[in-house]
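[1] Provided below for reference: sequence and predicted model.
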There are 4 protein chains.
Amino acid sequence: MAKSRFEYVRNYELPDPLMPGTFIVVRIDGRGFHKFSDTHAFEKPNDKRALDLMDKAAKTVLDEYKDVIMAFGESDEYSFLLKRNTKLYNRRRSKISSSIVSLFTSAYVFHWLSYFPNNPLRYPPSFDSRVIVYPGEKEVRDYFAWRQADTHINNLYNTAFWALVKDGQSTTQANKTLQGTDSKDKNEILFSKYGINYNNLPEQYRKGSICVRRPTIVIDDQQQQQQIEESTTAGVSNISIDDPAVGSVEDDSASQTRINGVIRKEKKVKKVKPYEGIDGEIVVLHEDIIKDGFWKERPWLLQ
Amino acid sequence: MAKSRFEYVRNYELPDPLMPGTFIVVRIDGRGFHKFSDTHAFEKPNDKRALDLMDKAAKTVLDEYKDVIMAFGESDEYSFLLKRNTKLYNRRRSKISSSIVSLFTSAYVFHWLSYFPNNPLRYPPSFDSRVIVYPGEKEVRDYFAWRQADTHINNLYNTAFWALVKDGQSTTQANKTLQGTDSKDKNEILFSKYGINYNNLPEQYRKGSICVRRPTIVIDDQQQQQQIEESTTAGVSNISIDDPAVGSVEDDSASQTRINGVIRKEKKVKKVKPYEGIDGEIVVLHEDIIKDGFWKERPWLLQ
Amino acid sequence: MAKSRFEYVRNYELPDPLMPGTFIVVRIDGRGFHKFSDTHAFEKPNDKRALDLMDKAAKTVLDEYKDVIMAFGESDEYSFLLKRNTKLYNRRRSKISSSIVSLFTSAYVFHWLSYFPNNPLRYPPSFDSRVIVYPGEKEVRDYFAWRQADTHINNLYNTAFWALVKDGQSTTQANKTLQGTDSKDKNEILFSKYGINYNNLPEQYRKGSICVRRPTIVIDDQQQQQQIEESTTAGVSNISIDDPAVGSVEDDSASQTRINGVIRKEKKVKKVKPYEGIDGEIVVLHEDIIKDGFWKERPWLLQ
Amino acid sequence: MAKSRFEYVRNYELPDPLMPGTFIVVRIDGRGFHKFSDTHAFEKPNDKRALDLMDKAAKTVLDEYKDVIMAFGESDEYSFLLKRNTKLYNRRRSKISSSIVSLFTSAYVFHWLSYFPNNPLRYPPSFDSRVIVYPGEKEVRDYFAWRQADTHINNLYNTAFWALVKDGQSTTQANKTLQGTDSKDKNEILFSKYGINYNNLPEQYRKGSICVRRPTIVIDDQQQQQQIEESTTAGVSNISIDDPAVGSVEDDSASQTRINGVIRKEKKVKKVKPYEGIDGEIVVLHEDIIKDGFWKERPWLLQ
């Protein structure tokens, strides 16, 4: 069989490496999710089951790819941040982008029934993905700020829109009612007409979902330890734990205790840099990522 | 909410259009399928259920994307050919590549239980994808010839390898036994030691799977009609029909009859070019695509 | 000196190979040539010295790069065609594009005084370049047809425009006079008002300049020889010879004679494919490249 | 003339924008300069005329492109740094790369006779160019450090090599003599055998050439003014002035005085950021760019 006669076609597979030393973001988006959410009777404006399933699929990606150090999701989209110096697949654009969107999709379908037990999947949903490369910390933070600002804007609009629709307006009327309104107007409509205090709605809806790892740090100093515990505690205030295993931590040995992912050691040991804690548990947060706090607590994200 | 302050990050999403007037091939490959097939107890050297599931997922892609005009699969990989002048997603590389691999993956998981009813999925499988662009007909044909030659080589090797292993050799021994052998040697081992005539094995294993649409052609000439019926019949000899709907064709009206996807009309009508028959039923073939026959019967593939 | 500490920056030099088996076109364009032609008092609408200098610079490129098999120029632009399977610089986009534009520019400045002996260069002119890749013969022919059609359209306009200006109209008036006119109108203005028969103007102005090599073919058959001589003769009817060396051909040996670049041999010899005649003299033609004739006489251009 | 029929070929010109907010470096390299320098009898190991001509060509580039804020050259290569947020040609890779290499080449040929008055150019030299994109300040500084370290290593080697050759060794012998030697060894050979103190050789040879603009700053504060004058003075210690115009500065008006490119104004005026002084005179320096000093004096380079 003349295999070699055809093999020249491999030369058409051209290299597509991404620039070294930059931040790679992979964003996936649902394809045709307007129809998909209708077909599967998603609750409006937010279906907690659907959002939790998105979060579960994102966690699967972080679980598989240690170099994916953070993810942010809202509605039917999710963005994944790879660490600056990742060597994953030699930074090949297609390989990174396709592997992540494929695993995300797979997990979404795989876990569907756990989140929609009475609502079987009617047809296979799909997502697209793109790679965006950012040169520095500022652009990465602004990227996630952009997505979270978008979450807020969309959710406020949708919350008002569906309140009007459930109140009897047609979708066309509701759109018209909201045309030209600003945030304050929408808050006012929600509060005065429907008694809804927007700021009391679940943070998952208003701020989206953030997946990060809880740092696993070996501590050799009483003062440091205290600092980290505080910051970790601060950082986990809004955690939604969808896995009963999270939180139940066993002692690894008599001489060390792990609490909230922090390993205490009595004796002096070699200091371990926070980022090396890549085996930290993956948690899903719903908090502000526009201000500095989130990033200061997790300096390894922008290293 | 200062949305605009962050929106500049969108400028980092750079265009990635593929060259016009060329053939786009998207090839997807299973990630970690060695482990995946072990975990799910795939039969060796070929698991018909797994291959049929791959074919089903590929058909889902053709069903969704009319511009995907052909696919070829073997083992845990599948290649999709888009028509030369496709405008799908404005020929954006990432969008095409990611949408196809995502839908394929989704369909694979979605249909798993239909093909492995007693063998639930243990974890979500995934695939990667890449885009390869070919300038002309020759390169496209050679690409598919390359994949089909690869199918043959791998399958002959695997068939001999697993015969030896089932006969008691360790995998290391079996590898050693086959080292340096050519096709003739492997055929000889299979026949003399195990009574296996390689050429009698199922074509699905030896030639892989081809997904194409059956042409739907409006015919206005007795002679043409006959030609097409003959070629169509010839081309479907090895079809594996996994969908009971295929074959049962209803009359669309009293004045026309559809047989094997060919619509006969009594009166002269506007001639329809074969390729416009994009709604033809998708069939899965297992036949030679290295020689001319397959391509001559389907001139629209290389138009 | 810690050299190695810095060498990682080389990793930022990413590969940029062009697709194999395709036609590479490099087009260079003058930067700021409106001002440049004013400063150097180019004659309007065409300055033969300037066009000849462009042709000379293009010939320098063909002379240096055997894989550049054709060029077409008009005004301050020139397009270079590389043979389909060129391995020049491993088909690296930047290397090909930059080397050609640099050599062209260098030759333009180097030879300036030979073409403008009384008109020294006031400042260094420059060009930009881009690479365009075409998949097949049709697109290559249409590319050059596009450029030659453009030459005609621009030249007809400019000829009419400058006739009006030299007749006393301001440039604004001349533009207005020509607004909305078609080719026939412009021909009519030129003929009726100024007695200019456009079709009698020099072909260099109306059709641009084509650089190709005259084939050097070893002939072993009386009939073939005659064919080639005829086609070669036909093809050189509009040659402008700017180099006195062209045409004076010496005998290479007693046993062979070269006429018009064709080597005759008495005895049967190994047939040489036309394209291998890469050492043929470079000639500049001014003829139609939209119709088939030019291409049929030079089949190696599209091989 | 059916222009439109062919215009579709323009669609093959695909976009090639460079990532925003990154540092663009264009490096040009002489093609075949080993032969070129032999043909034109360059002095070894360094020909000051040739280096000065390179510097002159680089200055021409800075003069034409305000967004090229720095250049570094050695031997037959030169690297150009564009300011981080340049919008030059919409950051199109080919356009930037080709325009710079073309202008550089043009200036090199144009000014040749001023630097080699008795040595006319025998044939047109050429350069290639490539674009490298760096995400941050660190990488840019390391890039230039890499090139300057390279200058040192090459020059030390060449100086020793040519000393040996001029002393009678063949080039093969000289290469062998230097094989395996480190910097200290080469310094020792130069000093003990030839009385050459390497560190006393001209800085142009040892450190290469740096082109930058002298800042033109509007000053409104006595203290600031003093600081800038000091730093500017420090920074110009090794300036080689090849243009008699540099240094002779005329008063722009009675009310302001320009000294060393610094404009003093008596009254308080709107503060102007240093980088806005893009019209500062271009100077050629030969000093260390690996340490911090050079960069601290010119903060606008890395802004």
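    Cool, the structure landed. Residues are numbered from 1 along each chain as shown, chains lettered A, B, ... in the order given.

[2] how many neighbours does the closest residue to chain D within the stretch 151-300 of chain A have?
    Going by CB to the nearest CB, chain D is nearest to residue A:299 of the stretch 151-300 of chain A, at 17.0 Å. In this view, the C-beta of every residue, glycine as well, is placed from N, C-alpha and C. Close neighbours of residue A:299, defined as other CB atoms under 10 Å in any protein chain shown, add up to 12.

[3] pull the helix or strand with minimum mean pLDDT from chain A.
    In chain A, the helix or strand scored least confidently by mean pLDDT, DSSP states H and E is strand A:256-259, which has a mean of 43.

[4] look up how far residue A:37 lies from residue A:158.
    From residue A:158 across to residue A:37, the span is 12 Å (CB to CB, to the nearest Å).

[5] next: residue A:87.
    Going from residue A:87 to residue A:37 by CB to CB gives 38 Å.

[6] the closest residue to residue A:112 other than its chain neighbours: which element?
    Closest residue to residue A:112 apart from its sequence neighbours, by CB to CB, 6 or more residues apart in numbering or on different chains: residue A:121 at 5.0 Å. Under the assignment given by DSSP states H and E, residue A:121 is not contained in any helix or strand.

[7] right, and residue A:121 touches residue A:110 too?
    No: the pair residue A:121 / residue A:110 is not scored as a contact, 10.4 Å apart, by CB atoms under 8 Å.

[8] just give me the neighbour total for the residue in the stretch 151-300 of chain A that chain B sits nearest to.
    Closest approach of the stretch 151-300 of chain A to chain B (CB to the nearest CB) occurs at residue A:152, with a separation of 5.5 Å. Using other CB under 10 Å, residue A:152 is surrounded by 19 other residues.

[9] that one belongs to a helix, doesn't it?
    Yes: per DSSP: H, G, I helix; E, B strand; the rest coil, residue A:152 lies within a helix segment.

[10] if I read this right, it contacts residue A:206, doesn't it?
    Yes: here residue A:152 reaches residue A:206: they are 6.2 Å apart, a contact under CB under 8 Å.

[11] quick one: contacts of stretch A:141-154?
    A:25, A:72, A:74-75, A:77, A:79, A:81, A:132, A:134, A:206-208, A:288-290, A:295, A:302, B:1-3, B:5-10, B:12 (CB atoms under 8 Å, 6 or more residues apart in numbering or on different chains).

[12] next, the distance between the ends of stretch A:129-144.
    End-to-end distance of stretch A:129-144: 16 Å, with CA to CA, to the nearest Å as the criterion.

[13] for the stretch 151-300 of chain A, just list every one of the strands.
    A:209-213, A:218-219, A:256-259, A:262-265, A:282-285 (DSSP state E, counting those that start in this stretch).

[14] could you list every helix and strand in contact with the last one?
    Yep, that's strand A:282-285 we're talking about. Contact here means 3 or more CB pairs under 8 Å, 6 or more residues apart in numbering or on different chains; DSSP states H and E; on that basis strand A:282-285 packs against helix A:48-64, strand A:209-213.

[15] just so I know, which of those lies nearest chain C?
    helix A:48-64 (26.1 Å).

[16] tell me the buried residues in that closest one?
    Buried residues in helix A:48-64, counted by 16 or more other CB atoms under 10 Å in any protein chain shown: A:49-62, A:64.

[17] how far off strand A:209-213 does that helix point, in degrees?
    Angle, helix A:48-64 to strand A:209-213, by axes from the mean of the first three to the mean of the last three CA atoms, to 10 degrees: 30 degrees.

[18] residue numbers of the stretch 1-150 of chain A in contact with chain C?
    A:8, A:11-12, A:14-15, A:17, A:19-21 (CB under 8 Å from any CB of the partner chain).

[19] which stretch of helix or strand covers the nearest residue to residue A:290 once chain neighbours are set aside?
    In space, and not counting its chain neighbours, residue A:290 is closest to residue A:145: 4.4 Å by CB to CB, 6+ apart. Element membership for residue A:145 (DSSP H and E) is helix A:137-166.

[20] let me know how buried the residue nearest to residue A:290 is, in neighbour terms.
    Counted by other CB under 10 Å, the residues lying close to residue A:145 total 20.

[21] need the pLDDT of it.
    Note for residue A:145: predicted pLDDT of 97.

[22] if we can go back for a sec, can you tell me how far the residue of the stretch 151-300 of chain A closest to chain D is from chain C?
    23 Å (CB to the nearest CB, to the nearest Å).

[23] residue A:167 now?
    For residue A:167 relative to chain C (CB to the nearest CB), the value is 56 Å.
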